[in-house]
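Asks: have a look; sequence and predicted model below, questions after that.
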Amino acid sequence: MHTESGPQSDAHASDGASALPTLILFAAGLTLAGIWTDVVGYSSKLLTIDQTLLTLPYSPDAFQLGRLAVSIVFILMARKLAATQNQLTLIIAVLMSTATGVLVISHYQTLVDPYLLASCGIFVASAGYSFIVWIFYLYAAQHLPTNRIVWSIAASLVLETIFSILISLYLGPVSQMALVVSAPILVSICYFAGTRLGPGRPQTGAIHSTPHSTDREFRQRRGGGGAKICP
């Protein structure tokens, strides 16, 4: 059986080691994002029975329309988003936090129809959640080892379930509100820090490489100097 060794295996080991801080931060960020959806969607302490996402008249449509809007933006503006995704992630996290606050307080005000206000909050929050989570997955697919990101995502799902149950049982309404309003900001910080520490971070004087370009460089070195290697 052939065992991979030499510069390529050393490069894979180095990538795995350099990816560890990013994997941890991504697991934390995805855990917080999952907690946000669980608490906002299902906690009876945070929202009254008339406010839950399952009972609001317009909430299913607003939730799906938010996801659809982000999908269209990704399709039409993928290249432009890639150049500003760190800044956009923070901006959208702030909008998502604001929309979450609007949703929570919608039934405690009388200036605007509570159901309409809540649905607007759901639309913006749903769009923000979809954008942030997809940005995590896109970066992971491009820069992180597949086997390790799978473990990172699996860990986030387990932690999300455990913490969501504990939060729903033991935190009061005010504490839950503070958590879901601050969670999007914390998620964006995890993403920003993870991308800065990860293998895909920009480096001064370095050429951004993809798995394909790294493989070509490795084959060229094996072929001797700058010899042209046919694919």
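Replies: Great, that's in hand.
Asks: and the residue lying closest to residue 89 once chain neighbours are set aside, how many neighbours?
Replies: Of all residues not flanking residue 89 in the chain, residue 188 sits nearest, at 4.8 Å (C-beta to C-beta, 6 or more residues apart in numbering). Yep, even glycine has a C-beta here, placed from its N, CA and C like the rest. Residue 188 is flanked by 26 other residues according to other C-beta atoms under 10 Å.
Asks: so how far is residue 128 from residue 188?
Replies: When distance is defined by C-beta to C-beta, to the nearest Å, residue 188 is 10 Å away from residue 128.
Asks: shared neighbours of the two, which are they?
Replies: Shared contacts of residue 188 and residue 128, defined by C-beta atoms under 8 Å, 6 or more residues apart in numbering, comprise 92-93.
Asks: past the host helix or strand of residue 147, which element shows up next along the chain?
Replies: Taking DSSP states H and E as the definition, residue 147 sits inside helix 146-170. Sequence-wise, the next helix or strand downstream of helix 146-170 (DSSP H and E) is helix 173-197.
Asks: go through that next one and flag the buried ones.
Replies: For helix 173-197, the neighbour count (16 or more other C-beta atoms under 10 Å) marks 176-177, 179-181, 183-184, 186-195, 197 as buried.
Asks: what's the answer for stretch 36-48, then?
Replies: With burial defined by 16+ other C-beta under 10 Å, the residues of stretch 36-48 counted as buried are 36-41, 43, 45-47.
Asks: columns distance to residue 165 and pLDDT on top of those residues, output as a markdown table?
Replies: Formatted as a markdown table, the buried residues of stretch 36-48 follow (distance: C-beta to C-beta, whole Å; pLDDT from 0 to 100):
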| residue | distance to residue 165 | pLDDT |
| --- | --- | --- |
| 36 | 15 | 94 |
| 37 | 14 | 91 |
| 38 | 9 | 91 |
| 39 | 10 | 91 |
| 40 | 15 | 87 |
| 41 | 14 | 81 |
| 43 | 11 | 79 |
| 45 | 13 | 78 |
| 46 | 14 | 78 |
| 47 | 17 | 68 |
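Asks: with those in mind, which one is nearest to residue 61?
Replies: Nearest to residue 61 among these, counting by C-beta to C-beta, is residue 41 at 15.4 Å.
Asks: what helix or strand is that closest one located in?
Replies: Residue 41 belongs to helix 7-42 when assigned by DSSP H and E.
Asks: what packs against the next helix-or-strand element following that helix?
Replies: Later in the chain than helix 7-42, the nearest helix or strand by DSSP H and E is helix 59-83. When contacts are defined as 3 or more C-beta pairs under 8 Å, 6 or more residues apart in numbering; DSSP states H and E, helix 59-83 packs onto helix 114-143.
Asks: still on that earlier bit, which strands and helices lie in contact with the helix holding residue 147?
Replies: Under the contact criterion of 3+ C-beta pairs under 8 Å, 6+ apart, helix 146-170 touches helix 7-42, helix 114-143, helix 173-197.
Asks: buried sites along that helix?
Replies: Buried residues in helix 146-170, counted by 16+ other C-beta under 10 Å: 148-149, 152-153, 155-156, 159-160, 163-164, 167-168.
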